[in-house]
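Asks: one predicted model, sequence on top.
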Amino acid sequence: REKKSLESYFSCVNCLLACSILLLFFCITVAIFKQNNMCVTRSVVSLIDSKIVLDSQQIQRPYVTTTALRKSLKFDPRTTKFKQSQMCNVPCTLIDYNSSQIGPRTTTSDVSTHDVSTTSDGCTSDDSTIKQQQKWAVISLAIPSDVKQDMYAFCIPLAIAAWKNIGWDVLVILTGDENVWKEQGSLVESTSMTINPKTKFVAVKTPPEQKIAYSQIVRSYSTLFIDEIQPDDFVLISDVDLLPVNGRLFNSLDPLSINIMNADCGPMFEWKCNGCQGNVTVREHPMAHIGTTKILWNQLMELGTTTITTDEVAPFIQKWLEEKYGQKIEETQVIKGGEGWSLDQRSISVQIFQHWEIPTKKIRRNCAEQDRINRAFEHSWPSKLSDEEFFSKIDFHVFQPPFGEGQWPEMVNFIKRYFDTETKDLLFQYREKFIK
């Protein structure tokens, strides 16, 4: 009897403990739900995302149902107080890109999708790739007073050749005094057009002291004033001194999403927005590379469907920044690392943060040690890499200045290994003319 009595006692105790745990879990769930209704919504949306993405019958438009659901939730981050960690930017695919698995560089005729990991939100990737669309890489240059002393001006033909090598065309936006470019930029432009006749140069008039700031931020607005960009064209922001190497990742970006390469590598910053309950903490994304179709670009940047002339670009951007971001381009020249230097990255990061209804793919990279030919690390210089290592790299951050006597041997190593004979010879001739 005593044994049975003890067994009954322990059985009751176990039942009470189980009930207490369930009750505690329920109370915590209710409390979290009251604090932020996104906690419950997040799980629901993520499950739907996974189901849709994994359903091959719906792979062509994987986010239609999800977007409709999210809109019905009527959640507006501008008017709701929350912590960054509680905001689920779904549908969001998180990709850990392993450059060691991508093999030799690929062209448009040899495209395959990258490896994808399932995220903690239950998201996985789809098979949408930009195989048939017109693909534009957007780079920019603040027109220097002396073009032949400027490393960024020198890089333009190199960038155009590299992008052409993986099947992309290039839009070059020039800011500052166009007359200076007409007088001094003929060698750069003619060489670029010889390499790829589809290249487009567009000059945007800006005040001299603001040309650097405009050259950074104008890339986000290219779909507004460059007529060559069609609605379904893919537009990718890049830097003039950042050359693509392995085309597999670039040619497998998703045209149905905002693609953020090297995502989440930037710092957090405080954004003072109109209508928010206090400041909002936002993750700063790097400009190179962010890309999507013109249609989604216009939606992300709230540009509408109208177009403007190049003379209207600078006033438009100032007004847009004041209304959407709460800050304008300073009248003094921007200094690297100073106030206003990250205005381009922060303003577009805020737009990505706010427009959570647009599908987002965040592609994590290891630029420093693994997947970039990096001027900052000697072990990743072209001359230090085997062919297998060289062609597994995603991109190349060129030396400063690339035409310098000390830097040029490494550039020669890169050019000889990467380009065909005709392009290689053209670039060598270009350098000789540039430094004269």
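Replies: Yep, that arrived. Residues are numbered from 1 along each chain as shown.

Asks: which parts of the stretch 101-250 of the chain are helices?
Replies: Listed from the start of the chain, the stretch 101-250 of the chain has helices (DSSP state H, counting those that start in this stretch) covering 151-165, 178-184, 186-195, 211-217, 222-225, 247-250.

Asks: what does the fourth one contact?
Replies: The one in question is helix 211-217. Contact with helix 211-217 is made by 140-143, 173-177, 204, 206, 287, 314, 317, 321, 329-330, 333-334, 340, 343-344, 347, as judged by C-beta atoms under 8 Å, 6 or more residues apart in numbering. For the C-beta atoms, the positions are set from N, CA and C on the backbone; glycine is no exception.

Asks: so for that helix, mean pLDDT?
Replies: The average pLDDT within helix 211-217 is 96.

Asks: circling back to that earlier point, to residue 240, which of the helices of the stretch 101-250 of the chain lies closest?
Replies: For those, proximity to residue 240 was assessed by C-beta to C-beta; helix 151-165 is nearest, at 4.8 Å.

Asks: mind giving me the packing neighbours of that closest one?
Replies: If you count contacts as 3 or more C-beta pairs under 8 Å, 6 or more residues apart in numbering; DSSP states H and E, helix 151-165 packs onto strand 135-142, strand 169-176, helix 186-195, strand 242-244, helix 421-435.

Asks: the longest one vs helix 151-165, what angle?
Replies: Taking axes from the mean of the first three to the mean of the last three C-alpha atoms, to 10 degrees, helix 421-435 and helix 151-165 form an angle of 170 degrees between their directions.

Asks: may I see the buried residues of helix 421-435?
Replies: Applying a neighbour-count criterion of 16 or more other C-beta atoms under 10 Å, one finds 423-424, 426-427, 430-431, 434 buried in helix 421-435.

Asks: so that helix versus helix 186-195, what angle?
Replies: With the same axes, to 10 degrees as the basis, helix 421-435 and helix 186-195 are set at 170 degrees to each other.

Asks: can I get helix 421-435 as PDB, trimmed to CA atoms?
Replies: Below are the C-alpha coordinates for helix 421-435, written out as PDB (Å, rounded to 0.1, in the frame of the first residue of the first chain):
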ATOM      1  CA  THR A 421      43.900  38.000 -75.800                       C
ATOM      2  CA  GLU A 422      42.100  40.800 -77.500                       C
ATOM      3  CA  THR A 423      40.800  42.400 -74.300                       C
ATOM      4  CA  LYS A 424      44.100  41.800 -72.600                       C
ATOM      5  CA  ASP A 425      46.000  43.600 -75.300                       C
ATOM      6  CA  LEU A 426      43.500  46.500 -75.400                       C
ATOM      7  CA  LEU A 427      43.800  47.000 -71.600                       C
ATOM      8  CA  PHE A 428      47.600  47.000 -71.700                       C
ATOM      9  CA  GLN A 429      47.600  49.600 -74.500                       C
ATOM     10  CA  TYR A 430      45.000  51.600 -72.500                       C
ATOM     11  CA  ARG A 431      47.300  51.800 -69.500                       C
ATOM     12  CA  GLU A 432      50.300  52.900 -71.500                       C
ATOM     13  CA  LYS A 433      48.200  55.800 -73.000                       C
ATOM     14  CA  PHE A 434      46.700  56.600 -69.600                       C
ATOM     15  CA  ILE A 435      50.000  57.200 -67.800                       C
END
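
Asks: what sits up against it?
Replies: 148, 154, 157-158, 161, 165, 187-188, 191, 194-195, 403, 408, 412, 415-416, 419.

Asks: for ChimeraX, what selects the buried ones among those?
Replies: In ChimeraX, this line selects whichever of the contacts of helix 421-435 come out buried by 16+ other C-beta under 10 Å:
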select :148,154,157,158,161,165,187,188,191,194,195,403,408,412,415,419
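
Asks: next, format the helices and strands packed on helix 151-165 as CSV and append distance to residue 375 and mean pLDDT.
Replies: Formatted as CSV, these follow (distance: least, C-beta to C-beta, whole Å; pLDDT from 0 to 100):
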stretch, distance to residue 375, mean pLDDT
strand 135-142, 18, 98
strand 169-176, 21, 98
helix 186-195, 21, 98
strand 242-244, 11, 97
helix 421-435, 17, 98
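
Asks: what's the neighbour count on residue 374?
Replies: Number of residues near residue 374 (other C-beta atoms under 10 Å) recorded here: 18.

Asks: can you offset everything so residue one is 223?
Replies: Fine by me, first position is 223 from now on; the one you just mentioned is residue 596.

Asks: excluding its backbone neighbours, what's nearest it?
Replies: The shortest distance from residue 596 to any non-neighbouring residue, by C-beta to C-beta, 6 or more residues apart in numbering, is to residue 602 (4.7 Å).

Asks: go on, residue 416?
Replies: Closest to residue 416 by C-beta to C-beta, 6+ apart is residue 648, at 6.6 Å.

Asks: distance check, that neighbour against residue 434.
Replies: Distance, residue 648 to residue 434, using C-beta to C-beta, to the nearest Å: 29 Å.
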